[in-house]
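S.K.: have a look; sequence and predicted model below, questions after that.
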Amino acid sequence: MSKEKIFYYVKILAIIGLLLSTYLLWQQFFHPAFQPCNINSWINCDAVISGPVAKTLGIPTPLYGFIGYIIIFFAALFRKTKLMLGMAGFGLIFCLWIAYQELFLLRVICPVCISCQIVMISIFILSLKVRKIPTDNRL
């Protein structure tokens, strides 16, 4: 796979992550009556976005993802592989921490959070792949 394709896929994944994190922010701020991912007491986004994981260091947790996906998008756009890998690495660790909180402390699964985690894992893997592709220095 070429670097161009990888950067393209990372941009698409970052946009998907932005949409998912925007949805979580919207759910957290407005608490709409219609909540499609609140299926039961075990598969429930609301338990996550209104519970102890809702904020990290006083900031809404989905906002970290939103900002992270923006940075990753621009890193891919401007071919900043180190920044992209660094943000993807931080995002992956952050996602794993959130997954741990959801599964073992809250005992809840948030389908949107899981989707964000899959997107971040994919971005991280692609970021590793793009670093391994040699740069063509021919003029």
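M.R.: Ah, there it is. Numbering: from 1, shown residues only.
S.K.: residues of the lowest-mean-pLDDT helix or strand in the chain that come out buried?
M.R.: Taking mean pLDDT, DSSP states H and E as the measure, the chain has helix 45-49 as its least confident helix or strand, at a mean of 83. Within helix 45-49, the residues that qualify as buried by neighbour count (16 or more other CB atoms under 10 Å) are 45-49. Where C-beta positions appear, they are placed from N, C-alpha and C, glycine not excepted.
S.K.: go through the residues you listed and name the one nearest N38.
M.R.: Of all the buried residues of helix 45-49, the one sitting nearest N38 is D46; the distance, using CB to CB, is 5.1 Å.
S.K.: let me see the contact set for the closest one.
M.R.: Under the criterion of CB atoms under 8 Å, 6 or more residues apart in numbering, the contact partners of D46 comprise 27, 31, 35, 38.
S.K.: next up, the contacts around the residue sitting nearest the centre point of the chain.
M.R.: Among the residues of the chain, the one closest to the centroid is C116, at 4.1 Å (CA atoms, centre = their mean). C116 makes contacts with 17, 20-21, 24, 65, 95, as judged by CB under 8 Å, 6+ apart.
S.K.: max pairwise distance over these: which two?
M.R.: By the measure CB to CB, the contacts of C116 have their two most distant members at L24 and C95, which lie 12.6 Å apart.
S.K.: circling back: in helices, which of the contacts of C116 fall?
M.R.: Using DSSP state H, the members of these that fall in helices are 17, 20-21, 24, 65, 95.
S.K.: make TSV out of those and add neighbour count and pLDDT.
M.R.: Formatted as TSV, the ones in helices among the contacts of C116 follow (neighbours: other CB atoms under 10 Å; pLDDT from 0 to 100):
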residue	neighbour count	pLDDT
G17	26	98
L20	23	96
S21	25	96
L24	25	93
G65	26	95
C95	22	94
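S.K.: which of those sits closest to R107?
M.R.: Ranked by distance to R107 (CB to CB), the ones in helices among the contacts of C116 are led by C95 at 18.1 Å.
S.K.: right, I'll leave it there.
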